[in-house]
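In: Compute the structure for the input listed below.
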Amino acid sequence: MTKRLLCLAFFAVGSAFATPTAVIHTSKGDITVELDEDKAPATVANFRRYAEDGFYNGTIFHRVIPGFMIQGGGLTAQMAEKAPIRRALDNEAANGLKNNRYTIAMARTAQPHSATSQFFINLKDNEFLNHTAPTARGYGYAVFGKVTAGQEVVDKIAGIPTGTVDMYQDVPRTPVVIRHVRVLSQ
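Out: I've put the predicted structure just below:
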């Protein structure tokens, strides 16, 4: 009896430290992402707040480059950029996580500490996006999780025909809408 109670207590404590997971509900299906708040705490907290605030609702995957990545989280289906509601993040790319296939990372400008809401999912191992040095050129792109379910949805999005809309290239001809992002644990 004591062993059983101890075992139940262990599992109860273990579940309190569950890894947070998010589901990106899209018009092409759901993508489940395990978030790594141990290695990218500020980035995960930022992504969670944007999700919980409903910021991602109605945004699209606006940049799709087969064999590279799919990017979303900042533009509407009308290609209007949503203004960030939080300050830019300090780049956590030196966290040891790599831009490997099916990882999720923060999009940014040429400025290393400029990421806000936009993210991308790697379609292959993109080593050149990893942190190599604390310089603008080598800072890298902060990975903060990995796709654990819905890889076929990611691949389906990657195969959508694209074109140019105004100044944007690689835009899906049929919008891939992010209906909402829901954080499931913690």
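In: what about the chain, any weak spots by pLDDT?
Out: Scanning the chain for pLDDT under 70 picks out 1-17, 186.
In: for it, what spans make up the strands?
Out: Taking DSSP state E as the criterion, the chain contains strands spanning 21-26, 29-35, 59-65, 69-76, 103-106, 119-122, 143-149, 162-165, 168-172, 177-183.
In: now for the third one, which elements pack on it?
Out: This points to strand 59-65. Packed against strand 59-65, as judged by 3 or more C-beta pairs under 8 Å, 6 or more residues apart in numbering; DSSP states H and E, are the following elements: strand 69-76, helix 151-158, strand 168-172, strand 177-183. (Glycine included, C-beta is placed from N, CA and C.)
In: Can you lay out these as JSON lines showing distance to residue 39 and mean neighbour count?
Out: Formatted as JSON lines, the helices and strands packed on strand 59-65 follow (distance: least, C-beta to C-beta, whole Å; neighbours: other C-beta atoms under 10 Å):
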{"stretch": "strand 69-76", "distance to residue 39": "20", "mean neighbour count": "22"}
{"stretch": "helix 151-158", "distance to residue 39": "21", "mean neighbour count": "17"}
{"stretch": "strand 168-172", "distance to residue 39": "29", "mean neighbour count": "16"}
{"stretch": "strand 177-183", "distance to residue 39": "17", "mean neighbour count": "18"}
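In: Of these, give the one that comes closest to residue 62.
Out: Nearest of the helices and strands packed on strand 59-65 to residue 62, taken as C-beta to C-beta: strand 69-76 at 4.3 Å.
In: Contacts for the closest one next, please.
Out: Here strand 69-76 makes contact (C-beta atoms under 8 Å, 6 or more residues apart in numbering) with 50, 56, 58-64, 81-82, 84, 107, 116-123, 126, 154, 157-158, 168, 176, 178.
In: cool, and stretch 28-41?
Out: Contacts of stretch 28-41 (C-beta under 8 Å, 6+ apart): 19-24, 44-45, 47-48, 92, 95-97, 104, 121, 142-150, 152-154, 156-157, 176, 183, 186.
In: Name the residues of it that are buried.
Out: By 16 or more other C-beta atoms under 10 Å, the buried positions in stretch 28-41 come out as 28, 31, 32, 33, 34, 35, 36, 37, 39, 40.
In: Spatially nearest residue to the third one, not counting backbone neighbours?
Out: If I follow you right, that is residue 32. residue 149 (3.9 Å; C-beta to C-beta, 6 or more residues apart in numbering).
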